[in-house]
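K.L.:
need a structure here:
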Amino acid sequence: LEHTRYLGNTIEKITLSKAGIVKPGIPVLLGRLNDVAFSTLKGVADQRHSPILQTLEPQNVVVHEGLTFDYDGYKKLTLDTLASYQADNASVAIAAVEALKKDYPFSEADVRKGLKAMFIPGRMEIVGHDPLIILDGGHNPHAAEALAEAMKTFAPAPIFIIFAAFKDKNVEAMFRSLETVTKRIVVTSFNHVRARQREDYEDLKYPYIEDCPRF
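P.N.:
Numbering: from 1, shown residues only. Okay, the predicted model is just below:
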């Protein structure tokens, strides 16, 4: 439920907009979706005679100095990240290369090497140690929920959040997710025309620091 100004204000409308990428007769690879999004996409795919490939759920996801998980026949795959939600994203990538394997052969070692080399800046990126400082660019409620779940792996260590967002983001829903891991939240802003300032928050219950880098 993002960019509703352009894509529509319901999951069904947004999914129909996204489904514009479905090409007649070309397989459609789907990650894990809610029932409304899945049924909407399936309807479009069926109309265009495009077979659906459904990603499986990763299993045995463990975060400890990195991420390990199982997917389909692959065991103990590793990612150099502390973000548990990346197991889902990696599963989509594996399903994609598996779908292309007939034309682009690869080995299991290739998959392991590719996943191990994966690095996405701003996705639970460690930018400092002692104390541990993590940067995450999640910018919608779903991303905030995934971030909160990932941060729970650090419990019972104390967690402190510095938060900033664009004006058009659903910050109330994001705060609800982040509050499940800590109440120690400081709000700030940044240099951008769309950046949310102090006056753009309603009933802000957290301290607001105008210039957080100097805090």
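K.L.:
make it CA atoms for all contacts and neighbour counts henceforth
P.N.:
Fine.
K.L.:
measure stretch 106-124 end to end?
P.N.:
For stretch 106-124, the first-to-last residue distance is 29 Å (CA to CA, to the nearest Å).
K.L.:
what helix or strand is the residue most central in space within the chain on?
P.N.:
In the chain, the residue lying closest to the centroid (CA atoms, centre = their mean) is A143, at 4.7 Å. Using DSSP states H and E, A143 falls within helix 141-151.
K.L.:
next SSE after that helix?
P.N.:
strand 161-163.
K.L.:
now the angle between helix 141-151 and the helix or strand just after that following strand, please.
P.N.:
Going down the chain from strand 161-163, the next helix or strand is helix 171-178, by DSSP H and E. If you take axes from the mean of the first three to the mean of the last three CA atoms, to 10 degrees, helix 171-178 sits at 20 degrees to helix 141-151.
K.L.:
what does the helix holding A143 contact?
P.N.:
82-85, 124, 136, 138, 170-171, 173-174, 177-178, 180-181 (CA atoms under 8 Å, 6 or more residues apart in numbering).
K.L.:
now list the buried members of these.
P.N.:
Using 16 or more other CA atoms under 10 Å as the burial test, the contacts of helix 141-151 include L82, A83, S84, Y85, M124, G138, V171, M174, S177, L178, V181 as buried.
K.L.:
tell me where the model's unsure across the chain.
P.N.:
1-4, 213-215 (pLDDT under 70).
K.L.:
how about the strands in it?
P.N.:
28-30, 52-54, 59-63, 67-71, 74-79, 125-128, 133-135, 161-163, 185-187 (DSSP state E).
K.L.:
deepest of the ones you listed, which one?
P.N.:
strand 67-71 (a mean of 21; mean count of other CA atoms under 10 Å).
K.L.:
from the contact counts, what lies against it?
P.N.:
If you count contacts as 3 or more CA pairs under 8 Å, 6 or more residues apart in numbering; DSSP states H and E, strand 67-71 packs onto strand 59-63, strand 74-79, helix 86-99.
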